[in-house]
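1. Give me a 3D structure for the following:
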Amino acid sequence: MILSQNTSRHNYYSFLWHASFLALAQNFMDVDTILPAMLIEAGGNGLHVGIMTAIMLGGARLTQLLFAPFISNYSFKKKFLLTGINVRVLSLLLMALMLWFSNMLRGETMIWLIFILIAAFSMGGAFANVSYTDILGKSVLPSTRKVFFSIKQAVTGSVLLLSALLAKKVLTMKAFPVNYAWIFVIGFAALFIASLGIWNLKERIPSKMPVHNVKHFKSLLTDELRRNKRLGFFLGWVNTMGISITLLPFVLLYSKQVFHTHSQETGFYLFYKVMGTVFIGVLLFLLSRKFKYRYLLYGNAMLALVVPMILLFSNAVPPFRLLFLAGGVVFATYAISMNGILLEISGTENRTIYSGIAGAGNILPALFPLLGGWIIERFGFRPFLIMFIFMILLSFFFIYKMNCRK
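-> Numbering: from 1, shown residues only. All right, here's what the predicted structure looks like:
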């Protein structure tokens, strides 16, 4: 079946609806500011922040390797996408209820419940992402994909900025835990509305690569890695550059532990991070027909080195707001380029499998925050920052070998 222009346009706007309200929800469940700040307020330490970051940014994506073989056996995957989204919606509602009744919980119990709900939220996202990549790849015409990834950032920019200001206001209106309870109520409502865009999608084209058992899936992975050399370098890039999106929670921890910043400053950090994501989204949208992924990857890797270098060599109070601004640029650029490269190196039939393989690329991003949290608790921030810089430098080799042409 051939994808028609009308169906592609219908799905294009459905994805944008989802992206716009997801942007509203995103700032109320932000992994770099809101969640680690809540965890620290609840009594968490550096190791707890490391565990949370590992769950949110690495561990959940690693589970895509488990979800992909199951989902790949089905020709139509919209129901799986909705299942993952609904799990995330429910997790946010339960998080809000837990905070409302937190006076009935001991500190240790509360931290465990936070981990469980964050894990459920992240697993739902990983389950949904496998299907999302497949449906997007076959439901929007290839000629509009790069424009879509860029315009998704640009169109949602105003929503991101407004929601960041709203989140900042909510954080300062009440004390913990009431302020965070309201944060998750708003996030729950926004994510529910975002899911309506997915309900509206028209999944017309089947895509299926049967996976019979674990042994068969292993042979498929081996065959794809042998046949497509760029896939191996892609995994190397994800395993090195992927840790760049795990840094900001530790920057927030550094600001709170060393300089004792408060909830109001956390709101500013979120706002500046959002400004960074909006800026790069608009810029890449304007240049969507001109920029090449290869140069975008090099530039992003160089910017990712700036934040730890400033923290490492600064003799005064670091410009934390500007660091979160740079971190927002790095985060958004990584997300845009990762999805674009995955679509470039995969095909219609094997895209679900490739999404699972991409999940395997998150082994180091999953382990790095755990190791980082332990290092910070035992030896301080300096060894952690040096290790981070070394990993980003390794990513330059894989960018060169991937040789992205588009």
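2. Spell out the secondary structure type for P318.
-> What DSSP: H, G, I helix; E, B strand; the rest coil gives for P318 is coil.
3. Quick check: the gap between it and E377.
-> 20 Å (Cβ to Cβ, to the nearest Å). C-beta: built from backbone N, CA, C; applies to glycine.
4. and the two? which has more neighbours close in?
-> P318 (19 against 14; other Cβ atoms under 10 Å).
5. doesn't L311 make contact with the more buried one?
-> Yes. Contact status for P318 versus L311: in contact at 5.6 Å, counting by Cβ atoms under 8 Å.
6. Near S4, how many residues? Count them for me, please.
-> Applying other Cβ under 10 Å, we find 12 residues neighbouring S4.
7. and the gap between it and F233?
-> Distance from S4 to F233, by Cβ to Cβ: 35 Å.
8. and if you look at H48?
-> H48 is 34 Å from F233, where distance means Cβ to Cβ.
9. With F188 instead?
-> From F188 across to F233, the span is 40 Å (Cβ to Cβ).
10. M338 contacts V238, doesn't it?
-> Yes. The pair M338 / V238 is scored as a contact, 7.0 Å apart, by Cβ under 8 Å.
11. Which one of those two is surrounded by more residues?
-> Each of M338 and V238 had its neighbours counted (other Cβ under 10 Å), and the higher figure belongs to V238 (26 against 21).
12. so how far is L221 from the more buried one?
-> Separation of V238 from L221 (Cβ to Cβ): 15 Å.
13. got a list of what the closest residue in space to G84 that isn't next to it in sequence touches?
-> Nearest residue to G84 in three dimensions, chain neighbours excluded: A128, at 2.8 Å (Cβ to Cβ, 6 or more residues apart in numbering). A128 makes contacts with 80-81, 83-85, 88, as judged by Cβ atoms under 8 Å, 6 or more residues apart in numbering.
14. now do 7 Å
-> 81, 84-85 (Cβ atoms under 7 Å, 6 or more residues apart in numbering).
15. Helices - which of these land there?
-> Among those, the ones falling in helices (DSSP state H) are 81, 84-85.
16. So D32: helix, strand or coil?
-> Secondary structure, three-state DSSP: D32 is coil.
17. and what of L47?
-> Secondary structure, three-state DSSP: L47 is helix.
18. Skipping its backbone neighbours, what lies nearest it in space?
-> Using Cβ to Cβ, 6+ apart and skipping residues adjacent in sequence, the residue nearest L47 is G373, 4.4 Å away.
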